[in-house]
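**Q** show me how the following folds:
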Amino acid sequence: MPFETIAWFPLCTGLTIAGLVLSFMAFRRRGAASGMRTAAWALLPMAAYLTGALQALWTIGSTVVGFVTSLVFNPLVWAGVAVAGLSAVLFVASGVMRGRKLRAGGRTKEAKAAAGQEPAKAGKAPQAAPTKPAVEPKKAGKGDEDFSDIEDLLRRRGIS
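**A** Numbering: from 1, shown residues only. A predicted model of the protein is given here:
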């Protein structure tokens, strides 16, 4: 239905008047705050008509409804949604597989280097094993006893 075929002024005026009557009733029954809030909502249809925003709202609404109905009732669109979903699943699965491969590859290199089986690369000197820090951490005091397990774990991981 085209926008111009509807009598918008009487419709907006009627909605505003009905809303103002309801706001008066809300004011009498529930207080000033409720009445003012209802009056604010009641004035919106007339404000939309007078500012010309009503036609913009009509265009937006009809566009959204047209898009949704073409999405829901068109099997070709559903096929496109299914292909997009399959693409997302493949992307996530490949990322998980790549992460596992990188994690596993890092472990084998570390194991070979620890066993001394990895040949030295041309032009580079073999790397020395990590050494203890030059400064020893202070021994745990009375208040630091709770953190000794954490400190041991960090030391084993090479984090100090």
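**Q** straight-line length of stretch 47-61, end to end?
**A** Stretch 47-61 has an end-to-end distance of 18 Å (criterion: CA to CA, to the nearest Å).
**Q** give me the mean pLDDT for it.
**A** Stretch 47-61 shows an average pLDDT of 92 in the prediction.
**Q** buried sites along it?
**A** Residues of stretch 47-61 classed as buried under the neighbour-count rule (16 or more other CB atoms under 10 Å) are 48-49, 54, 58. Where C-beta positions appear, they are placed from N, C-alpha and C, glycine not excepted.
**Q** where does this structure have its least confident helix or strand?
**A** helix 75-115 (a mean of 84; mean pLDDT, DSSP states H and E).
**Q** phi and psi next, for N74.
**A** Backbone torsions of N74, given as degrees, to the nearest 10, read phi -110, psi 110.
**Q** contacting residues around stretch 2-13?
**A** By CB atoms under 8 Å, 6 or more residues apart in numbering, the surrounding residues in contact with stretch 2-13 are 45-46, 48-49, 54-55, 58-59.
**Q** can you put those in a markdown table and add distance to M97 and secondary structure?
**A** Converted to a markdown table, the contacts of stretch 2-13 look like this (distance: CB to CB, whole Å; DSSP: H, G, I helix; E, B strand; the rest coil):
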| residue | distance to M97 | secondary structure |
| --- | --- | --- |
| P45 | 56 | helix |
| M46 | 60 | helix |
| A48 | 53 | helix |
| Y49 | 58 | helix |
| L54 | 54 | helix |
| Q55 | 53 | helix |
| W58 | 50 | helix |
| T59 | 47 | helix |
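**Q** taking those residues together, which two end up most distant?
**A** Greatest spatial distance among those (CB to CB): M46 and T59, at 19.4 Å.
**Q** re earlier: quick one: distance of the least confident helix or strand of the chain to the chain centre.
**A** Distance of helix 75-115 from the chain centroid (CA atoms, centre = their mean, to the nearest Å) equals 21 Å.
**Q** save the contacts of stretch 2-13 as CSV, and put in distance to E151 too.
**A** As requested, the contacts of stretch 2-13 are exported to CSV (distance: CB to CB, whole Å):
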residue, distance to E151
P45, 69
M46, 71
A48, 67
Y49, 72
L54, 69
Q55, 70
W58, 68
T59, 66
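**Q** helices or strands next to the helix or strand where L57 lies in the packing?
**A** In this assignment (DSSP states H and E), L57 forms part of helix 53-72. Packed against helix 53-72 by the contact rule (3 or more CB pairs under 8 Å, 6 or more residues apart in numbering; DSSP states H and E) you find helix 32-51.
**Q** I appreciate the help and will end here.
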